[in-house]
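Provided below are the primary sequence and the corresponding predicted coordinates.
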Amino acid sequence: MIIKTKNDIPSSEITDPLIFRDRRKIIKAMLATMLAGSGISPLLADDNKPVWADLPTCDIIADSLTPTPAELVKNYTNYYEFAFNKKDSTKLAQNLITDPWSVEISGEVESPGTYYLEDILRQQMLREYIYRFRCVEAWSMVVPWVGFSLGNLLKTVKPLSTAKFVKFTSVYQPETMPKQRSNAMHEWPYVEGLRIDEAMHPLTILAVGMYGDILPKQNGAPLRLVVPWKYGFKSIKAIVKIELLKSPPITSWNRFAPDEYGFYANINPAVAHPRWSQNSERQLGSGFFTPRRQTELFNGYGEQVASLYSDMDLRHFF
Ligand code: MTE
């Protein structure tokens, strides 16, 4: 797991709000500066709330992951609002309207509000996060995301001590999303959730880009969640609302098939999906004769996140 810090760049240092009103330009400018390696140190929000104060800090580990070829990641997507097969969802997602884009942050917070994504980005520091990504369907990939810490964003709205869970809601755009029109499969919009300590963990990010560029629409533009130790369905795309709650939200896949898709969805090779094993995974881009990869508990991020679950029997909390 890799958080590259030497190229960190606070957006406020590189975008003049009077010059850049445009998200694409902001992200491009941030990425360009990031990739050039500025070495500017992070601007971190106040850290005065006890609820996540004891979380492990995230040590930087040498980058040893080779990203999956970008074209594979861009053309093999799960996006059920558009289609139930990976090729059509990739194609149809191009119709999504992502401008303008705002995000409501509300619930158990001191300063609720609705913010243009551009304004959020100005306050956050973009980094490249090279993470393994493991789908519940037993395939995997390695993606160099570009994004920022969800925890740092949440701190800016000052969560109350009553905030125990975070609910994420995807966009409802039936005019461009055919499966929302036919109401097939899910109750729309797509909803996901995390416990507050999972949301505040330094590995949990909101991505706005990948492979050093803007996030493609089919991969969740303009803003998606990435939680690398959980199955991919937790990584909700096209987020428009983030609510801090007292109790756990009902999430889309859990509502659809509670026996198959749990709220936690922590990657665990020892807990099989009712219809297939989770013991190993097919790596996207690997050759026909390449053996499957042994799936790791927490997708290999156990050192960083296992302490979040020390009081839970992981066989029963799927
Ligand atoms: N978010 C929304 N809004 N709609 C979806 O259908 N699919 C999920 C997740 N986020 C999904 C979503 C699933 S099942 C997976 S595996 C990942 O997105 C896939 O991300 P990718 O298409 O970028 O590989």
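Good, I have the coordinates.

Can you report how many residues lie near the residue of the stretch 151-300 of the chain found nearest the ligand?
Among the residues of the stretch 151-300 of the chain, residue 232 lies closest to the ligand, at 2.9 Å counting by C-beta to the nearest ligand atom. Using the backbone N, CA and C atoms, a C-beta is placed for each residue, glycine as well. Other residues lying near residue 232 total 19 when counted by other C-beta atoms under 10 Å.

Need the phi and psi values for the closest residue to it other than its chain neighbours.
For residue 232, ignoring the flanking residues on the chain, the nearest one in space by C-beta to C-beta, 6 or more residues apart in numbering is residue 135 at 4.2 Å. Torsion angles at residue 135 (phi, psi; degrees, to the nearest 10) stand at phi -80, psi 150.

okay, now residue 100: neighbour count?
By other C-beta under 10 Å, neighbour count at residue 100 equals 10.

Chain neighbours aside, what residue packs nearest to it?
Residue 100 sits nearest to residue 116 (C-beta to C-beta, 6+ apart), 6.5 Å away.

in the stretch 201-318 of the chain, what spans have low per-residue confidence?
316-317 (pLDDT under 70).

isn't residue 259 right up against residue 274?
Yes. Using C-beta atoms under 8 Å, residue 259 is in contact with residue 274, at 5.9 Å.

and residue 82, how far is that from residue 89?
Applying C-beta to C-beta, to the nearest Å, the value for residue 82 to residue 89 is 4 Å.

shared neighbours of those two, which are they?
residue 218 (C-beta atoms under 8 Å, 6 or more residues apart in numbering).

quick one, which of those two is more surrounded?
Taking neighbours as other C-beta under 10 Å, residue 82 and residue 89 compare with residue 82 leading, 24 against 20.

Backbone dihedrals for the more buried one, please?
Torsion angles, degrees, to the nearest 10, at residue 82: phi -100, psi -50.

mind starting the numbering at 820 from now?
Right, with 820 as the first residue, what we last looked at is residue 901.

quick check, distance from stretch 934-943 to the centre of its chain.
Per C-alpha atoms, centre = their mean, to the nearest Å, the displacement of stretch 934-943 from the mean C-alpha position of its chain is 17 Å.

now do stretch 974-992
14 Å.

The nearest residue to residue 1029 once chain neighbours are set aside: how many residues sit nearby?
Distances taken as C-beta to C-beta, 6+ apart put residue 964 closest to residue 1029, at 5.2 Å, once the chain neighbours are dropped. Each residue near residue 964 was counted by other C-beta under 10 Å, and the total is 25.

tell me which element residue 964 is part of?
strand 958-968 (DSSP states H and E).

Quick one: name whatever helix or strand follows that strand.
Assigned by DSSP H and E, the successor of strand 958-968 is helix 969-975.

ok, then the element right after that following helix?
strand 984-989.

rewinding a little: residues in contact with the residue of the stretch 970-1119 of the chain closest to the ligand?
Neighbouring residues of residue 1051 by C-beta under 8 Å, 6+ apart: 897, 952, 953, 954, 955.

if I look at it, how far off is residue 950?
Applying C-beta to C-beta to residue 1051 and residue 950 gives a distance of 11 Å.
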